[in-house]
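Chemist: what shape does this take:
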Amino acid sequence: GVVIPLCALGLLALLPRGRREAPGRWLAAAVPLSIAVGIWSLSQAMQTPYQRATWDLYALTQLRVVWRYAGLCLLPLHQTLDPEVSASTGWLSPWTTLLGVLGLLALVAWALRPGRSPWTRAGLLMALTALLPESSVVGLPDRMFEYRMYVPLVGLALAAAPALPRLQAAQATALLLCLALLTAGRAVRWQSESALWREALRLAPRKIRPHANLSVRHRLQGRTERAERVIRRSIRIQAMPEQYRDLAMAALERGDAAAGLAALEPVFRRDPGRADCLPILGRLQLLAGRYAAAVEALSRARAKYPDDEGVLLDLATSLALAGRTEEAGKLRPELRQADGTGALLLLGSLQGSQGRLQEARECLLRFTALEPGNPLGWANLAQALYALGEREEALEARRRGIAACGEDPAYAELRQTLETAVPP
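Modeler: Residues are numbered from 1 along each chain as shown. The predicted structure follows:
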């Protein structure tokens with residue numbers, strides 16, 4: 001709201017006098033409203049609960065950050081998604097704060113010298129103005145981000161334009177070659193999110209966010225042990241509930257219920273009602289075979305997240321395994337509306353256990369059509385078909401289930417169930 005009209009006014013001043021009238025009228029109508037919107041936005045931002053620094057200390061810090069931005073524009077070394085910037089607590093703490101002030105004063109004096117190109121002055125004004133919303137007095141949680149230089153880069157390009165024709169051919173070639181090599185190196189890192197966050201962690205080893213994002217990438221790629229090592233390293237730097245939650249998730253994915261429950265213990269000791277950890281607690285209790293405890297945790301999670309289908313499926317499973325089939329059956333209408341194959345499998349299993357065999361048959365036929373490689377669906381379908389007296393179809397489901405089990409030792413018990421539940 002404030003930046004765009006000010007930049008437009010600066011560029012308007014560069015036009016010949018005879019060509020200013022038409023755009024000038026448009027700006028005269030748009031600028032007051034735009035500035036009013038900008039001032040309102042800034043006032044709202046300064047009142048937001050995420051503000052982490054007082055306006056004066058944040059502004060002092062930005063006097064140093066501006067020069068880091070300038071350095072990245074001139075020679076983009078050590079680029080990172082999440083830079084680490086310490087806060088300034090005074091004019092001399094650190095001493096580079098005062099150096100940043102003196103540098104800005106020198107830049108203004110240089111730009112105002114007689115004979116300086118108006119494009120240089122307008123470009124510098126545009127760049128500094130475009131940085132104002134996020135690099136002035138609004139204390140944002142992150143002191144620096146690369147994307148904040150996207151608009152100011154236009155101003156810096158305008159400021160540099162008059163000097164470019166004076167470059168010698170060798171100088172221009174060397175500059176372009178250097179920037180091309182840096183761009184190629186950066187492009188290689190952008191091919192992988194894991195590489196980006198490893199680079200961010202190397203350049204900012206004390207920041208928590210690169211640890212968290214790298215651990216998520218490891219988990220998504222099935223490297224749960226690496227994810228746990230990264231999370232534990234971040235806990236040693238600064239322990240927060242989110243890290244223990246991620247550690248419990250990694251343990252859950254690894255199938256280690258005891259480690260997951262131990263990870264959540266400090267979270268619930270500090271905040272017994274921590275909502276985002278309740279679904280994980282319920283799944284861990286379910287994995288550990290503590291069905292009553294799982295029902296309790298997932299019931300609380302269901303109250304917090306009534307639209308979460310994963311919580312609904314886990315709660316219905318826990319109720320069924322705890323022997324509370326009547327309560328699990330009350331969830332049938334919601335399970336019918338749930339998306340995903342997990343709801344079909346669970347609904348079919350519940351209906352089969354309650355003697356609703358035709359409904360169970362329909363659900364399980366749909367499930368096996370969507371997931372033909374899942375032996376659980378074939379096992380439940382074979383039992384339902386056999387109970388309905390459809391022996392040939394039950395034997396075919398039994399054969400498909402045994403084939404889906406393969407030689408996986410995790411399915412040894414299920415294979416035995418298939419062989420005995422439907423006699424050949």
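
Chemist: give the contact list for the closest residue to Arg274 other than its chain neighbours.
Modeler: Distance criterion CB to CB, 6 or more residues apart in numbering; nearest residue to Arg274, sequence neighbours excluded, is Val267 at 5.4 Å. Just so you know, the C-beta spots here come from the backbone N, C-alpha and C atoms, and that holds for glycine as well. When contacts are counted by CB atoms under 8 Å, 6 or more residues apart in numbering, Val267 touches 241, 244-245, 274, 277.

Chemist: now, which of those sits nearest Gln79?
Modeler: Arg245 (30.1 Å; CB to CB).

Chemist: torsion angles phi and psi at the closest one?
Modeler: Dihedral pair for Arg245: phi -60, psi -50, per degrees, to the nearest 10.

Chemist: tally of neighbours for it?
Modeler: Arg245 is flanked by 19 other residues according to other CB atoms under 10 Å.

Chemist: contact partners for the closest residue to it other than its chain neighbours?
Modeler: In this structure, Arg245 finds its nearest non-sequential neighbour in Cys277, 5.2 Å apart by CB to CB, 6+ apart. Counting by CB under 8 Å, 6+ apart, Cys277 makes contact with 241, 244-245, 248, 264, 267-268.

Chemist: quick one: Cys277 from Asp408, how far?
Modeler: Relative to Asp408, Cys277 is positioned 31 Å away (criterion: CB to CB, to the nearest Å).

Chemist: same deal with Arg209?
Modeler: Arg209 is 38 Å from Asp408, by CB to CB.

Chemist: give me the more crowded residue out of those two.
Modeler: More crowded of Arg209 and Asp408, by other CB under 10 Å: Arg209, with 15 against 11.

Chemist: my guess is the more buried one contacts Asp82. True?
Modeler: Yes - judged on CB atoms under 8 Å, Arg209 makes contact with Asp82 at a distance of 5.3 Å.

Chemist: can you tell me how far the residue nearest to Arg245 sits from Asn374?
Modeler: 29 Å.

Chemist: what's the answer for Arg116, then?
Modeler: With CB to CB as the criterion, Arg116 and Asn374 are 72 Å apart.

Chemist: excluding its backbone neighbours, what's nearest Cys69?
Modeler: Actually, residue 69 is Tyr rather than Cys. Closest to Tyr69 by CB to CB, 6+ apart is Met149, at 5.1 Å.

Chemist: what about the one you found, how many neighbours?
Modeler: 20.

Chemist: in contact with it, which residues?
Modeler: 69, 72-73, 131 are the contacts of Met149 under CB under 8 Å, 6+ apart.

Chemist: buried subset of those?
Modeler: 69, 72, 131 (16 or more other CB atoms under 10 Å).

Chemist: rebuild those residues as a markdown table, extending it with secondary structure and pLDDT.
Modeler: Converted to a markdown table, the buried ones among the contacts of Met149 look like this (DSSP: H, G, I helix; E, B strand; the rest coil; pLDDT from 0 to 100):
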| residue | secondary structure | pLDDT |
| --- | --- | --- |
| Tyr69 | helix | 89 |
| Leu72 | helix | 84 |
| Leu131 | helix | 83 |
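
Chemist: buried ones in whatever helix or strand Thr120 lives in?
Modeler: Using DSSP states H and E, Thr120 maps to helix 118-131. Using 16+ other CB under 10 Å as the burial criterion, the residues of helix 118-131 that qualify are 119-131.

Chemist: same check on stretch 228-242?
Modeler: 228, 230-231, 234-235, 241.

Chemist: skip the chain neighbours and tell me the closest residue to the residue nearest the centre of the chain.
Modeler: The chain has Asn213 as the residue nearest its centroid, 7.3 Å off, counting by CA atoms, centre = their mean. Among residues not flanking Asn213 along the chain, Trp197 sits closest, at 4.8 Å (CB to CB, 6+ apart).

Chemist: what helices and strands are in contact with the helix or strand where the one you found lies?
Modeler: Element membership of Trp197 [criterion: DSSP H and E] is helix 193-203. Judged by 3 or more CB pairs under 8 Å, 6 or more residues apart in numbering; DSSP states H and E, helix 193-203 is in contact with helix 169-189, helix 208-220.

Chemist: Provide the backbone phi and psi angles at Trp93.
Modeler: Not quite, residue 93 is Ser, not Trp. In terms of degrees, to the nearest 10, the main-chain angles of Ser93 are phi -130, psi 90.

Chemist: one more: Gly90?
Modeler: Reported as degrees, to the nearest 10, the phi and psi values for Gly90 are phi -180, psi 170.

Chemist: how near is it to Arg270?
Modeler: Counting by CB to CB - Gly90 and Arg270 are separated by 34 Å.

Chemist: returning to what we had before: most tightly packed of the helices and strands packed on helix 193-203?
Modeler: helix 208-220 (a mean of 20; mean count of other CB atoms under 10 Å).

Chemist: understood, closing this out.
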